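> starting from these lines, generate the structure:
(chains A and B)
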Amino acid sequence: MSCASFYNSTFEGEINLSLKIAVLSGKGGTGKTTISTNLAKVLSKNRKVLLLDADVEEPNDHLFYNITFEKEKSVNIFIPKVNKETCTLCGLCAKECQFGAINVFEKGVFVFQHLCHGCGVCSEICVLNAIDEVSKSIGQIKFGTSNFFDFGMGLMNIGEPSGVRIVRELKKYISNDYDVTIIDAPPGTSCPVVEVLQNVDFAILVTESSPFGLHDLKLAVSLVREMGIAFGVVINRYDPSFFELEEYIKSEDISLLMKIEFDKNIAKWYSQGFLIVDKSEELYKNFEVLFENIIEVLK
Amino acid sequence: MKQIAVVSGKGGTGKTILSASLCYLFENPVMSDCDVDASNLHLLLSPLEIIESYKYYGGKKAKINYQKCTNCGICKDKCRFEAIDFKEGKYVINEYACEGCKLCVLTCPEEAINLIENLAGNYYKSRCSRGILVHGDLKPGEETSGGLVAEVRKKSYSEAEKSKKDVIIIDGAPGIGCPATSSVAGVNLAVVVTEPTLSGFHDLKRMVDTLKKMRVKFAVVINKFDLNESAKLEEWCFSENIDLLGKIPFDEMVNVATKEAKPIILYENSIAAKAIKDIYLRILDKFF
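Alright, predicted model coming up:
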């Protein structure tokens, strides 16, 4: 069944459109970017698609498309600036700061900018109002279009500790105008990934046929289960000889959405910045089936 | 004592495989798995026996006492992390978004909010095939993984001091954020593993900028260098005056070894193992 007919016959009317799909993996380098960029291309054939690259530490999706960026804005937090004349070095700000970002010494107050979360506690509690807040950029978000879909990405400034706030801003591009939004998450299962997962409809967990892939998949599964998000698994670099992975997926009653066999060509295409669905008709069809499988799980 | 961290901006470039092999090449190492989001080093250093186990308390979380709450909404207005929602007639803390900053606690006129200690993970001292391994597991969905990495580093350091070890091998966290920078802070050498892909190259540059900013000494290893043209990467390293420690070829044996839960270095005839041995010798030569 072609994608278009599937869309008309079974999909429409049953599932509320403007579907938000997160692509994640516990382990890095399993193929999140491959899945996100190729799925976006395949779905954009007859749907309005938004692709967001939320791996703000190391975003890569834009390397696979010619993107025309139309908007760019800085993501800022507010950090404290202490007015030396008013400050009496009472130390209350340092006592209440939960992040050790503001320190009071005999000679003055010192702010460790990279520890500051910009929460505003210090300026709020300073009884003398000696703390002002000044804006500081922690990264940017960019928005534009490829020839096929709309695209947004975040880029954390070098030296910043966390991109959570950038992800939050990036996700504000999500709207009901899009039939599907695909969000490419950073690796791991900690705070930036959780930020990606908030309010999504579905999570694609990308893993690979190795003990590392299996170990880290279990962590990702426990996260999406805890957050109550529907999900399924894609096995990249599939190798049937590592049967433990499929055994786990079966025993946990997890939907297996797609397998991509290990193929040196795929590695080569990826390394050169090509989309694998542009290189292989079979893979193109597999990505169409991947989406059909996602809809099946969501029903 | 020297600390060597194996890192990469991009995930999946081969940090753990290289780290595990270095653990076998160096005599008497203490091993430190700092990828607490997805710790894998122990899988290649089995059998593993946990000797000591510690709890890691990360950032605290706000909790509302509904007996005192009057639904005034000040907390929601004040919160800068969008961590307080109004749902079904009451204000609720979104624990995933709460960073435990205490602003709501301090500004609540009814004193209805408290900060609660939050168990964010565990870390362990274990005995493995190559000696002492310190590793941690962050609970999925938690923040402050950089803090847990710091605990793993501290424990590794004290173990190395105590038993007079010469070297700590650190398997770092991917990315350039807090877990990654905590993995490399203050090490003697950061070995940056990359691969000849567009993504690998892009991420390497951001990692290098991060390390330069931190003033950490580093050198580069190109893994699977023959999967694509790696000349551009090498030229870039040369032009930036970056030490290239070596190039590891694509080798089917690496997958075989990993599936058998062994580091590739134990397969002496493999071409990847030979390349890693050369890298080890170069580290000794240049940095010891």
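> output the set of residues of the stretch 51-200 of chain A in proximity to chain B.
Neighbours of chain B within the stretch 51-200 of chain A, by Cβ under 8 Å from any Cβ of the partner chain: A:57-58, A:60, A:63-64, A:78, A:96, A:98-99, A:117-121, A:124-125, A:156, A:158-164, A:168, A:186-195, A:198. (Each C-beta comes from the backbone N, C-alpha and C, glycine too.)
> now with 7 Å?
Neighbours of chain B within the stretch 51-200 of chain A, by Cβ under 7 Å from any Cβ of the partner chain: A:57-58, A:60, A:63, A:96, A:98, A:117-121, A:124-125, A:156, A:158-159, A:161-163, A:168, A:186-191, A:194, A:198.
> distance of the residue sitting nearest the centre point of chain A from residue B:3?
When Cα atoms, centre = their mean is applied to chain A, the residue found nearest the centroid is residue A:185 (2.2 Å). Going from residue A:185 to residue B:3 by Cβ to Cβ, to the nearest Å gives 30 Å.
> on that earlier part again, are any of the residues of the stretch 51-200 of chain A next to chain B buried, and which?
Among these, those buried by neighbour count (16 or more other Cβ atoms under 10 Å in any protein chain shown) are A:57-58, A:60, A:63, A:96, A:98, A:117-121, A:124-125, A:156, A:158, A:161-163, A:168, A:186-191, A:194, A:198.
> how about residue A:220, secondary structure?
Three-state assignment for residue A:220 (DSSP: H, G, I helix; E, B strand; the rest coil): helix.
> how close does it sit to chain B?
7 Å (Cβ to the nearest Cβ, to the nearest Å).
> assess the claim that that residue and residue A:189 are in contact.
Yes: if you go by Cβ atoms under 7 Å, residue A:220 and residue A:189 touch, sitting 5.8 Å apart.
> where do the contact lists of those two overlap?
Common neighbours of residue A:220 and residue A:189 (criterion: Cβ atoms under 7 Å, 6 or more residues apart in numbering or on different chains): residue A:26.
> any idea whether residue 75 is helix, strand or coil?
This is for chain A. Residue A:75 ends up strand, using three-state DSSP.
> I was thinking of chain B, sorry if that wasn't clear
With three-state DSSP as the basis, residue B:75 sits in helix.
> how far does stretch A:22-41 sit from its chain's centre?
Counting by Cα atoms, centre = their mean, to the nearest Å, stretch A:22-41 is centred 9 Å from the centre of its parent chain.
> okay, it in PDB with CA atoms only?
Extracted as PDB, the C-alpha positions of stretch A:22-41 are listed here (Å, rounded to 0.1, in the frame of the first residue of the first chain):
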ATOM      1  CA  ALA A  22      10.600  12.000  19.600                       C
ATOM      2  CA  VAL A  23      13.600  10.000  18.500                       C
ATOM      3  CA  LEU A  24      15.800   8.900  21.300                       C
ATOM      4  CA  SER A  25      18.300   6.300  22.400                       C
ATOM      5  CA  GLY A  26      20.100   5.600  25.600                       C
ATOM      6  CA  LYS A  27      23.400   5.000  23.800                       C
ATOM      7  CA  GLY A  28      24.900   7.600  21.500                       C
ATOM      8  CA  GLY A  29      25.700   6.900  17.900                       C
ATOM      9  CA  THR A  30      22.900   4.300  17.400                       C
ATOM     10  CA  GLY A  31      21.300   6.300  14.500                       C
ATOM     11  CA  LYS A  32      18.900   8.900  15.900                       C
ATOM     12  CA  THR A  33      20.000  11.400  13.300                       C
ATOM     13  CA  THR A  34      19.600   8.800  10.500                       C
ATOM     14  CA  ILE A  35      16.100   7.900  11.600                       C
ATOM     15  CA  SER A  36      15.000  11.500  12.100                       C
ATOM     16  CA  THR A  37      16.300  13.000   8.900                       C
ATOM     17  CA  ASN A  38      15.200  10.100   6.700                       C
ATOM     18  CA  LEU A  39      11.700   9.800   8.300                       C
ATOM     19  CA  ALA A  40      11.200  13.500   7.900                       C
ATOM     20  CA  LYS A  41      12.000  13.300   4.200                       C
END
